[in-house]
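Enquirer: Here's my sequence, what's the structure:
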Amino acid sequence: MVQALGWIPSESALSALLSAWAIITQPAVRLEIVEVLTRLEREESRHRAGEALHQWLETRCLENAESQHYDVTCAIALALARLGYRPACPLLTTLAQSENPQIQVYAEAALRQLSDQQRG
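Expert: This is a model prediction of the structure:
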């Protein structure tokens, strides 16, 4: 269902994906939601997805949940970069100093990608 919603270019499909995050807590489904959000084409939708991902990542950090299901944290970090969501840079900088080396690597990669996008 998540993949199907990703192919529907409407605000209601995007809203359904964003709502699904709050309802479905299984990491595999959340990873799928993150992946689908990175494929959005409309700029307004990409920005809205970036805002949501940024908020989710910020919440995970505040809850100190980076050690549990860190793969979701890593996926969100890269998704923010793919979406070109620059307001996430301060949060990604914080994550680059995480105690988890995988989170560090993904956050640093996201920051590099955002920097390259700005230059390019």
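
Enquirer: what pLDDT does Pro9 get?
Expert: Listed pLDDT for Pro9 reads 74.

Enquirer: in what helix or strand does it lie?
Expert: Under DSSP states H and E, no helix or strand contains Pro9.

Enquirer: surely it meets Arg42?
Expert: Yes - at 6.5 Å, Pro9 counts as touching Arg42 under the criterion of Cβ atoms under 8 Å. Quick note: C-beta positions are derived from backbone N, CA and C, even for glycine.

Enquirer: how about the helices in the protein?
Expert: Along the chain, counting by DSSP state H, helices occupy 2-6, 11-23, 27-37, 43-62, 70-82, 89-95, 101-119.

Enquirer: What lies in contact with the third one?
Expert: Outside helix 27-37, the residues that touch it by Cβ atoms under 8 Å, 6 or more residues apart in numbering are 2-3, 5-6, 17, 20-21, 24, 49, 52-53, 69, 71-72, 75-76, 79, 83.

Enquirer: OK, contacts around the residue nearest the centre of the chain?
Expert: Per Cα atoms, centre = their mean, the C-alpha nearest to the average position across the chain is that of Ile76, at 2.8 Å. Ile76 is in contact with Val34, Leu53, Trp56, Leu57, Arg60, counting by Cβ under 8 Å, 6+ apart.

Enquirer: Would you mind listing where the chain has pLDDT under the threshold?
Expert: Residues of the chain that meet the criterion pLDDT under 70 lie in 6-7, 61-68, 120.

Enquirer: What's the separation between Ile23 and Leu40?
Expert: 20 Å (Cβ to Cβ, to the nearest Å).

Enquirer: nope, Leu111 is what I was after
Expert: Plainly put, Leu111 is 22 Å away from Leu40 if you go by Cβ to Cβ.

Enquirer: One more: Ala16?
Expert: Taking Cβ to Cβ, one finds Ala16 at 13 Å from Leu40.

Enquirer: Please say which of these two ends up with more neighbours.
Expert: Leu40 (21 against 14; other Cβ atoms under 10 Å).
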